[in-house]
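In: Here you go, sequence then predicted model.
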Amino acid sequence: MKNLLKTKIGVLIFLLSLLLNFNFVRAENIENQIDLGQTTARENQGSVPLGQSFDKILVVPANENASEIGGGHLINNSDEFLTSNTDAIDITPISEKNESNADVSAVDPKATTTTQPTSDAPIDASTMTTDPSTAKDATRESSPVENKGSVSPVATVGDTKEYDFPTYVTRSENFVKTTILAEWQMLDLLEDDNFSETDNSMLGGAQILPSGQYGVDKNFSVCALVADSQEMKNEVSATISYPDNVAYAANQTERGCGKQARQLTLSEIDDNTASLLICDELRSSNNNLITWNKNELEKYTYNYSQVCGLGGFLAEKKVKLYCASTTLAFDDPAGNYLVEISSKNINNEIVTSSSNLKYLELTVLENDFSDIQYGMVTQNVSKYLSGDQTWDNAEHPTVRNAGNTRLKINIWQNDFNLGKTDGSWNVSYKAKIGNDPVYIDYYPEKTTTLNSPLNLGETINIDLAILILDYPENKDQVSFSGKMILTTTRENDFLCKQ
């Protein structure tokens, strides 16, 4: 009886063994249907207990540094399998998933979050970790199938990198009336009809230097950015007025005292040139040149962000650029010039705007001689050299004011190496400007300022004189050379009468 029982038990064990072997072979056949690329599933699979079912098999991409899952898929437990280039598979049974969550720290002590996939949502492979050395599965026993590698029961999320991105929004506007958004002045047109984006200062607004050459006026451009509610071309003009507190001369107020200096009609500039000038050149190289106006209703100031870019006013053709070239004379007074822009639409509605152009001070003296020839000079007899008001007649010295300020002349000379006698110079000089009847006496090695100033644009004679009190005892020396230096001092402007 006992032998019969032993025989039955042996048959049952044999049948059970066959059944177990069949189940493991079935699992092995399934894994062979997964093409793992660099590493086979057989090398990464753990044991599969009898009677367990799986809701999903997780295929994790092999590249841990990938920013996206390129070929990873969630695979159900049917016979339809997807392929992926991977080296790790999670085949945790459903019954064991809850237990796996309870022991996350054993998988990765640095992990902050566990990932237990239960849907077809994509998984970020760069945050998944597998650690076969620490994987635990207390409920599963060893399988007769050879175990060639262990698999982490859960995929954990490691340290992640945060990416911060600035975000922007720009206020748009639908113009309901003609609007002058901005205006500015800049140096004049260059070759090929390209505008210069420069002025002569780093300060905000427009500052322009005169030419510093007599008779050479300063060219510059006046521009305005205008929007029209009907997106129609406007008639845009500009008026430039002299500084309101400076007169050109004592009895000459027409070129000063706030009087009109220039009247201009501005022409429309094509959109490509406008965009290049404003959005590329000015914005990057001279972005404080433009005077931006305010939206008086909403109380904000227009700016580059609204005008430039793919959705900006220029690209949307909501605004037009208008410019004109003009000049200031070399001797127009230095100071702040008022620039008023006027824009009239097809309904004859007019809007205006204004800004200041600063004509920078430049004090410049020009002379038509390169040396001074006193000629034959007798000891103890003054020798006079008279100038004239004819330019380029070097025998008679002439000077002129080539800047935009009034000036005085400072004069310095050496002693022709004649030295001193008993502590007094052996040579002395005189000079005067124009029709001034009084000469100014001066001595070697000392700078002296002449009395009469040169007014704006003035060309005048300079009269000189020399007196030699004692020549050297060496009678063989008959020629002597010296040096003269002329400098300038800025003189006060003529003020407008109140």
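Out: Alright, I've got the coordinates. Numbering: from 1, shown residues only.
In: In stretch 348-360, which residues are buried?
Out: 351, 353-355, 357-359 (16 or more other CB atoms under 10 Å). (Each C-beta comes from the backbone N, C-alpha and C, glycine too.)
In: could I get those as TSV with distance to L418 and secondary structure?
Out: Listed next are the buried residues of stretch 348-360 as TSV, based on distance: CB to CB, whole Å; DSSP: H, G, I helix; E, B strand; the rest coil:
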residue	distance to L418	secondary structure
V351	72	strand
S353	66	strand
S354	62	strand
S355	59	strand
L357	52	strand
K358	49	strand
Y359	46	strand
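In: how about the residues you listed in TSV, adding pLDDT and distance to F165?
Out: Formatted as TSV, the buried residues of stretch 348-360 follow (pLDDT from 0 to 100; distance: CB to CB, whole Å):
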residue	pLDDT	distance to F165
V351	95	40
S353	97	38
S354	97	41
S355	97	37
L357	98	42
K358	98	42
Y359	98	46
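In: Can you tell me which of those is nearest G256?
Out: Y359 (11.5 Å; CB to CB).
In: which SS class is C279?
Out: helix (DSSP: H, G, I helix; E, B strand; the rest coil).
In: Mind giving me the packing neighbours of the helix or strand harbouring A324?
Out: Per DSSP states H and E, A324 falls inside strand 319-328. Strand 319-328 is packed against strand 218-227, strand 235-241, strand 260-269, helix 271-275, with contacts defined by 3 or more CB pairs under 8 Å, 6 or more residues apart in numbering; DSSP states H and E.
In: Looking at the ones you listed, which one is packed in the most?
Out: Highest mean neighbour count of these: strand 218-227, a mean of 23 (counted as mean count of other CB atoms under 10 Å).
In: Could you write out the alpha-carbon coordinates of that one in CSV?
Out: Extracted as CSV, the C-alpha positions of strand 218-227 are listed here (Å, rounded to 0.1, in the frame of the first residue of the first chain):
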residue,chain,number,x,y,z
LYS,A,218,26.4,119.3,-41.0
ASN,A,219,24.2,116.8,-42.7
PHE,A,220,21.7,114.8,-40.7
SER,A,221,18.3,113.0,-41.0
VAL,A,222,15.0,113.5,-39.2
CYS,A,223,12.8,110.5,-38.8
ALA,A,224,9.4,109.7,-37.4
LEU,A,225,7.5,106.4,-36.9
VAL,A,226,3.8,106.9,-37.6
ALA,A,227,0.7,104.7,-37.3
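In: And the average pLDDT for that strand is what?
Out: What strand 218-227 shows for mean pLDDT is 96.
In: What of stretch 374-388?
Out: Rounded mean pLDDT across stretch 374-388 is 96.
In: Show me which residues of stretch 391-406 are buried.
Out: Using 16+ other CB under 10 Å as the test for burial, stretch 391-406 gives 396-406.
In: Of those, which is the nearest to D493?
Out: Using CB to CB, these come closest to D493 at R406, 6.4 Å.
In: Wait, that closest one touches G457, no?
Out: No - contact status for R406 versus G457: not in contact, 10.1 Å apart, counting by CB atoms under 8 Å.
In: where's E361 relative to F330, distance?
Out: As judged by CB to CB, to the nearest Å, E361 and F330 stand 13 Å apart.
In: Low-confidence ranges, the stretch 151-300 of the chain, go.
Out: 151-158, 170-173, 189-195, 231 (pLDDT under 70).
In: Could I get the full set of helices for it?
Out: Taking DSSP state H, counting those that start in this stretch to define them, one finds helices in the stretch 151-300 of the chain at 271-275, 283-285.
In: okay, those in TSV with distance to A227 next?
Out: Listed next are those as TSV, based on distance: least, CB to CB, whole Å:
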stretch	distance to A227
helix 271-275	13
helix 283-285	19
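In: Out of the ones you listed, which gets nearest to V319?
Out: Comparing the helices of the stretch 151-300 of the chain by CB to CB, helix 271-275 comes nearest, at 8.4 Å.
In: ok, N492 - contacts?
Out: N492 makes contact with R406 under the criterion CB atoms under 8 Å, 6 or more residues apart in numbering.
In: next one: D280
Out: Contacts of D280 (CB under 8 Å, 6+ apart): none.
In: Report the separation between it and E197.
Out: Counting by CB to CB - D280 and E197 are separated by 9 Å.
In: try I466
Out: 53 Å.
In: need the strands for the stretch 301-450 of the chain, in chain order.
Out: Secondary structure of the stretch 301-450 of the chain by DSSP state E, counting those that start in this stretch: the strands cover 319-328, 335-344, 350-359, 365-367, 383-385, 398-401, 407-413, 420-421, 424-425, 427-433, 440-442, 448-449.
In: Single out the most deeply packed of these.
Out: strand 398-401 (a mean of 22).
In: tell me what that one is packed against?
Out: Checking 3+ CB pairs under 8 Å, 6+ apart, strand 398-401 ends up next to strand 365-367, strand 459-468.
In: okay, those in JSON lines with distance to N336 and mean pLDDT next?
Out: Shown next, in JSON lines, are the helices and strands packed on strand 398-401 (distance: least, CB to CB, whole Å; pLDDT from 0 to 100):
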{"stretch": "strand 365-367", "distance to N336": "25", "mean pLDDT": "98"}
{"stretch": "strand 459-468", "distance to N336": "28", "mean pLDDT": "97"}
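In: and these, which is most packed in?
Out: Of all the helices and strands packed on strand 398-401, as judged by average neighbours under mean count of other CB under 10 Å, the leader is strand 459-468 with a mean of 20.
In: Tell me if I'm right that W425 and Q413 touch.
Out: No - if you go by CB under 8 Å, W425 and Q413 don't touch, sitting 10.7 Å apart.
In: Mutual contacts of these two, please.
Out: Contacts common to W425 and Q413, judged by CB under 8 Å, 6+ apart, are P444.
In: Can you get me a residue count around D470?
Out: 15 (other CB atoms under 10 Å).
In: need the contact list for it.
Out: Counted by CB under 8 Å, 6+ apart, D470 has contacts 379, 418, 421, 426.
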